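**Student:** Below: sequence and its predicted model.
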Amino acid sequence: MKTKRCNFCGSDRYVEKCIEYLYSHRGKYLLVPDTPVEICQECGMVYYDAAVLKEIERHFFAIQNQSEAPDNYIQMPTKALARCSAQ
């Protein structure tokens, strides 16, 4: 069996964790708490399972089409950086 290696640093040391994932599409967002990921212990590269990302995408579009309700709504402040907004 072939050992899985990090695409960035080549390490085979991973830790499984759950993180908050922010999905965005055309200026709309879905915050997904407890998203399972694998993180390289050497460089910190985060790896997502394709099936998990597809499920997040499915929920996002179902919520946007109002065929599914979100668990919660939050407010998020925004602040532009002067050096980027002047372009």
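**Tutor:** Perfect, thanks for sending it. Residues are numbered from 1 along each chain as shown.
**Student:** element containing the residue nearest to the spatial centre of the chain, please.
**Tutor:** Central residue of the chain (C-alpha atoms, centre = their mean): Tyr21, 3.3 Å from the mean position. Element membership for Tyr21, per DSSP states H and E: strand 14-25.
**Student:** just how off-centre is that strand within its chain?
**Tutor:** Distance of strand 14-25 from its chain centroid, counting by C-alpha atoms, centre = their mean, to the nearest Å, is 4 Å.
**Student:** Just the C-alphas of the helix or strand following it, formatted as CSV.
**Tutor:** Per DSSP H and E, strand 14-25 leads on to strand 28-40 as the next helix or strand towards the C-terminus. Taking C-alpha atoms only, strand 28-40 is exported to CSV below (Å, rounded to 0.1, in the frame of the first residue of the first chain):
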residue,chain,number,x,y,z
LYS,A,28,-22.5,34.8,-1.2
TYR,A,29,-21.1,32.7,1.7
LEU,A,30,-21.8,29.7,3.8
LEU,A,31,-19.9,29.1,7.0
VAL,A,32,-19.6,25.4,7.8
PRO,A,33,-18.5,24.6,11.3
ASP,A,34,-17.0,21.2,12.1
THR,A,35,-15.7,20.4,8.6
PRO,A,36,-13.5,17.4,8.7
VAL,A,37,-10.0,17.9,7.2
GLU,A,38,-6.5,16.3,7.3
ILE,A,39,-3.7,18.7,8.1
CYS,A,40,0.0,18.1,7.3
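**Student:** which of the residues in strand 28-40 are buried?
**Tutor:** By neighbour count with 16 or more other C-beta atoms under 10 Å, strand 28-40 contains the buried residues 30-32, 35, 37-40. In this view, the C-beta of every residue, glycine as well, is placed from N, C-alpha and C.
**Student:** Sweet, I'm off.
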